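Trainee: compute the structure for the input listed below.
(chains A and B)
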Amino acid sequence: EAGVAQSPRYKIIEKRQSVAFWCNPISGHATLYWYQQILGQGPKLLIQFQNNGVVDDSQLPKDRFSAERLKGVDSTLKIQPAKLEDSAVYLCASSFIREDTEAFFGQGTRLTVV
Amino acid sequence: GQNIDQPTEMTATEGAIVQINCTYQTSGFNGLFWYQQHAGEAPTFLSYNVLDGLEEKGRFSSFLSRSKGYSYLLLKELQMKDSASYLCAVRDIVSGNTPLVFGKGTRLSVIA
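Mentor: From the prediction side, this is the model:
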């Protein structure tokens, strides 16, 4: 079974530039999550989708971050403009809708803002 | 709001037993997950508890007390490869939705 696919794996940008990350969840998984993980910390939930609707985006900095999940499958997360403190690993995860099922994570995109 | 607390770091000896605690305060509760994350890698699922009690899975066990907002992960017969971060995650209930929220993680070092 194919896992959660993310691209790119690594990205280096200058502050104030924009960047986009892409995620393809496991087939059949209706729930998709984007997490930000700063070095040495746990993953912080940015946004959670169920199909193409938003379940939770309370911690998404909406002045600079946006995410969409068109057609309820692939998702993109965008940062515009980037700040130094956005340097982190951005993890995408997916799961079945049932709440007792675990989330499966992709390898993440390591973003460095210089 | 959500508050999930774990110790930042722990050290244990190869072959020993270690218990990693997690306390949580969330709006609602619809299950607790434990994940393992090796440095530079993605988190991988270890266990799930939604009812009080102990769930055993090989060398790993997880316990939940909903009334106390408390869980622990027990690792037996520690091996060097168990050196990793262990993440506690709670499925909260907020306005009818169920976001999956993580603690900051506990970095476990297994020494010879």
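
Trainee: show me which residues of chain A are close to chain B?
Mentor: Those residues of chain A that sit near chain B, judged by CB under 8 Å from any CB of the partner chain, are A:33, A:35, A:40-45, A:48, A:55-56, A:58, A:91, A:95, A:99-100, A:102-108. C-beta here means a position set from N, CA and C on the backbone, and glycine is covered the same way.

Trainee: residue A:89 against residue A:109, yeah?
Mentor: Yes. Using CB atoms under 8 Å, residue A:89 is in contact with residue A:109, at 6.9 Å.

Trainee: could I get the contacting residues of residue 8?
Mentor: This is for chain A. Residue A:8 is in contact with A:21, A:109, counting by CB atoms under 8 Å, 6 or more residues apart in numbering or on different chains.

Trainee: ah, no, chain B please
Mentor: Residues counted as contacts of residue B:8 (CB under 8 Å, 6+ apart) are B:104, B:106-107.

Trainee: Serialize the residues you listed to TSV and add fields for distance to chain A and secondary structure.
Mentor: Below are those laid out as TSV (distance: CB to the nearest CB, whole Å; DSSP: H, G, I helix; E, B strand; the rest coil):
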residue	distance to chain A	secondary structure
B:104	4	coil
B:106	9	strand
B:107	8	strand
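
Trainee: out of the residues you listed, who's nearest residue B:84?
Mentor: For these, the residue nearest residue B:84 by CB to CB is residue B:107; the value is 7.8 Å.

Trainee: which residues does the closest one bridge with?
Mentor: residue B:9, residue B:85 (DSSP bridges).

Trainee: point to the residue nearest the middle of chain A.
Mentor: Taking CA atoms, centre = their mean, the centroid of chain A lies closest to residue A:34, which sits 2.9 Å from it.
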